[in-house]
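1. Return a 3D structure for these sequence lines:
(2 chains)
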2 protein chains.
Amino acid sequence: MISKAKVKFIKSLQVKKYRKEAQSFIVEGAKGVKELLQSDFQITWLAGTSDFLGENRDSISLKKVEWVETTERELATSGTFSTNNAALAIARLRPNLPPQLKNEFVLVLDDIRDPGNLGTIIRTADWYGIKNIIASVETADFYNPKVITATMGSFSRVHVYYVSLTDYLFGTDWPLYGASLTGKSLYDTNFHTEGFIVIGNESQGISPAIHSMITQHITIPRIGRAESLNASIATAVILDNVFRSKK
Amino acid sequence: MISKAKVKFIKSLQVKKYRKEAQSFIVEGAKGVKELLQSDFQITWLAGTSDFLGENRDSISLKKVEWVETTERELATSGTFSTNNAALAIARLRPNLPPQLKNEFVLVLDDIRDPGNLGTIIRTADWYGIKNIIASVETADFYNPKVITATMGSFSRVHVYYVSLTDYLFGTDWPLYGASLTGKSLYDTNFHTEGFIVIGNESQGISPAIHSMITQHITIPRIGRAESLNASIATAVILDNVFRSKK
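-> Numbering: from 1, shown residues only, chains lettered A, B, ... in the order given. A predicted model of the protein is given here:
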């Protein structure tokens, strides 16, 4: 049974300000909570159905997590998603630290505002082995429950660092790849062994300040008539071509 | 000014049952309504801000559309999206007719339930020049306002036909490509000049009945650790590889 006070606290964690205050966020659903249990995130509380608790007994006791048994009905009313039928956990935020980069491709998100897009980008990045993402401070919050859920567990493996992009990228000697409608065909691009791949805002594209820092303008070849691609779709197609070229 | 009766009618068109009854659907936002005006959909009514009406005067009078001038505030309260700041139109549904296929790639959607995914798939299909999609009857409704909006105007160029997939595909001599985690690498697949590309349900994948009809099992190579890709992401990566191989 989840106490009223706990439900209130969980609800408050849907809001960024309260997540920051409590230095906590929520993870919902079987897949996400299982990945959380395997990660090095510090879990402070967990509610699970008897099935979920039974299946994950070992990892829960290994992590010494405070837990309660709950029902599907209670999960549906306590969390963000009415479809959660397994578990909900509260974990501690990680500090916002710059990653140590080494011979890798890094995504740079220039104001991705939609939480679903950000979550899907993180999931896709994880598929293609991307470990680090640099995000503008206006990008959707990594700990937004919609982001966490859309990552399908990949939030535990991909690190997102929020920073002023112009400050961060200033003076880098790595190539900066940016997609636009007038660049070189993605199919003819020779990707280096490392680099930043910039993904622009859903409606504005790459901002002028970042655009001027791009060293390699690339274009996803188009056959039909759509004016543009969704930001997470463009990310996936670019990453697929990068890793295809490395095989 | 939009009348109370019209607002009520517009709201009713968020529900599939009422769309079917009235044989009508709504298109919202500048991009979507502009594309609608360029299409052969029959538009029965349009509300636009003075800016939108001014910019699109010619196409509105060419189509002989009944229109009213409205405000951003009125649009926000009448439609599905509070962010619509330009226009809203009502148009007639098209009949659900089987497409005439000829030397082309066709997407087959095996229960894509999420309207945002369906809309993004339609937009991506349009980018890659796909004209026809065959969808199971359990797939999200093409005319759902969330689908229409997520297509970013591509709803006017891509035809979606709803049918029992097993009935439709029975006896076809075209190859059926289906993505799974155990198929042949997408990078090593030789795509024919025509074929069906099956995209499975978000959580269940391709259903057993359709799975048994697949002639070419393909896999999107994975470098990292995500368990799967979002359905619209998988669609984009497959289509990009198909058309890359045809260049």
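
2. confidence score at the closest residue to A:Thr193 other than its chain neighbours?
-> Closest residue to A:Thr193 apart from its sequence neighbours, by C-beta to C-beta, 6 or more residues apart in numbering or on different chains: A:Asn103 at 5.8 Å. (Each C-beta comes from the backbone N, C-alpha and C, glycine too.) On pLDDT, A:Asn103 comes in at 95.

3. now A:Met1
-> On pLDDT, A:Met1 comes in at 85.

4. Next to chain B, which bits of chain A? Give me the list.
-> Selection of chain A residues close to chain B by C-beta under 8 Å from any C-beta of the partner chain yields A:31, A:116, A:120, A:123-130, A:150, A:152-154, A:157, A:187, A:220-230, A:232-233, A:236-237, A:240-241, A:243-244, A:247.

5. Keeping just the C-alphas, turn stretch A:229-243 into PDB.
-> Provided in PDB are the C-alpha atoms of stretch A:229-243 (Å, rounded to 0.1, in the frame of the first residue of the first chain):
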ATOM      1  CA  LEU A 229      11.900  14.500 -40.700                       C
ATOM      2  CA  ASN A 230      11.100  14.200 -37.000                       C
ATOM      3  CA  ALA A 231      14.200  15.000 -34.900                       C
ATOM      4  CA  SER A 232      14.500  11.500 -33.400                       C
ATOM      5  CA  ILE A 233      14.000   9.900 -36.900                       C
ATOM      6  CA  ALA A 234      16.800  12.100 -38.300                       C
ATOM      7  CA  THR A 235      19.100  11.100 -35.400                       C
ATOM      8  CA  ALA A 236      18.500   7.400 -36.100                       C
ATOM      9  CA  VAL A 237      19.100   7.600 -39.800                       C
ATOM     10  CA  ILE A 238      22.400   9.600 -39.200                       C
ATOM     11  CA  LEU A 239      23.600   7.200 -36.500                       C
ATOM     12  CA  ASP A 240      22.800   4.200 -38.700                       C
ATOM     13  CA  ASN A 241      24.900   5.600 -41.500                       C
ATOM     14  CA  VAL A 242      27.800   6.500 -39.100                       C
ATOM     15  CA  PHE A 243      28.000   3.000 -37.800                       C
END
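
6. what is the mean pLDDT for that stretch?
-> The average of the pLDDT scores along stretch A:229-243 is 97.

7. Then stretch A:119-135?
-> Mean predicted confidence for stretch A:119-135 is 98.

8. Send me that stretch as PDB with only the CA atoms.
-> C-alpha atoms of stretch A:119-135 as PDB (Å, rounded to 0.1, in the frame of the first residue of the first chain):
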ATOM      1  CA  GLY A 119      13.400   9.800 -24.700                       C
ATOM      2  CA  THR A 120      13.400   8.200 -28.200                       C
ATOM      3  CA  ILE A 121      16.700   9.800 -29.000                       C
ATOM      4  CA  ILE A 122      18.300   8.400 -25.800                       C
ATOM      5  CA  ARG A 123      16.900   4.900 -26.600                       C
ATOM      6  CA  THR A 124      18.200   5.100 -30.200                       C
ATOM      7  CA  ALA A 125      21.600   6.400 -29.000                       C
ATOM      8  CA  ASP A 126      21.900   3.400 -26.700                       C
ATOM      9  CA  TRP A 127      21.100   1.000 -29.600                       C
ATOM     10  CA  TYR A 128      24.000   2.500 -31.600                       C
ATOM     11  CA  GLY A 129      26.400   2.500 -28.600                       C
ATOM     12  CA  ILE A 130      26.400   6.200 -28.000                       C
ATOM     13  CA  LYS A 131      27.400   6.800 -24.400                       C
ATOM     14  CA  ASN A 132      27.200  10.600 -24.100                       C
ATOM     15  CA  ILE A 133      24.900  13.300 -25.100                       C
ATOM     16  CA  ILE A 134      25.500  17.100 -24.700                       C
ATOM     17  CA  ALA A 135      22.200  19.000 -24.400                       C
END
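
9. Now do that stretch: distance to the chain's middle.
-> Here stretch A:119-135 is found 6 Å from its chain centre; the criterion is C-alpha atoms, centre = their mean, to the nearest Å.

10. now do stretch A:51-71
-> Worked out by C-alpha atoms, centre = their mean, stretch A:51-71 lies 25 Å from the chain centre.

11. Also stretch A:110-127?
-> How far stretch A:110-127 lies from its chain's middle: 5 Å, per C-alpha atoms, centre = their mean.

12. ok so the residue nearest to A:Thr193 is a helix residue?
-> No - using DSSP: H, G, I helix; E, B strand; the rest coil, the assignment for A:Asn103 is coil, not a helix.

13. Out of the residues of chain A next to chain B, list just those in helices.
-> If you go by DSSP state H, these have A:31, A:116, A:120, A:123-127, A:150, A:232-233, A:236-237, A:240-241, A:243-244 in helices.

14. Pull out the buried members of these.
-> The neighbour count (16 or more other C-beta atoms under 10 Å in any protein chain shown) marks A:31, A:116, A:120, A:123-127, A:150, A:232-233, A:236-237, A:240-241, A:243-244 as buried among these.

15. how many degrees apart are the lengthiest strand in chain A and helix B:231-246 in direction?
-> Secondary structure of chain A per DSSP state E: the longest strand is strand A:176-185. Here strand A:176-185 points in a direction 50 degrees away from that of helix B:231-246 (axes from the mean of the first three to the mean of the last three C-alpha atoms, to 10 degrees).

16. Next, the buried residues of strand A:176-185.
-> Here strand A:176-185 shows A:Leu176, A:Tyr177, A:Gly178, A:Ala179, A:Gly183 as buried, counting by 16+ other C-beta under 10 Å.

17. how about the nearest residue to A:Ser156 once chain neighbours are set aside, phi and psi?
-> Of all residues not flanking A:Ser156 in the chain, A:Ser39 sits nearest, at 3.7 Å (C-beta to C-beta, 6+ apart). With angles defined as degrees, to the nearest 10, A:Ser39 sits at phi -90, psi -180.

18. Tell me the buried residues in the helix or strand containing A:Ile210?
-> In this assignment (DSSP states H and E), A:Ile210 forms part of helix A:208-211. Buried residues in helix A:208-211, counted by 16+ other C-beta under 10 Å: A:Ile210, A:His211.

19. Which residue ranges of chain A form strands?
-> Counting by DSSP E, chain A has these strands, from start to end: A:24-28, A:43-48, A:67-69, A:87-92, A:105-110, A:132-135, A:159-162, A:176-185, A:195-200, A:216-219.

20. Which other helices and strands does the last one contact?
-> The helices and strands touching strand A:216-219, judged by 3 or more C-beta pairs under 8 Å, 6 or more residues apart in numbering or on different chains; DSSP states H and E, are strand A:176-185.

21. elements contacting the strand it packs on?
-> Going by 3+ C-beta pairs under 8 Å, 6+ apart, strand A:176-185 lies up against strand A:195-200, helix A:208-211, strand A:216-219, helix A:231-246.

22. nearest to B:Thr80, of the ones you listed?
-> helix A:231-246 (21.3 Å; C-beta to C-beta).
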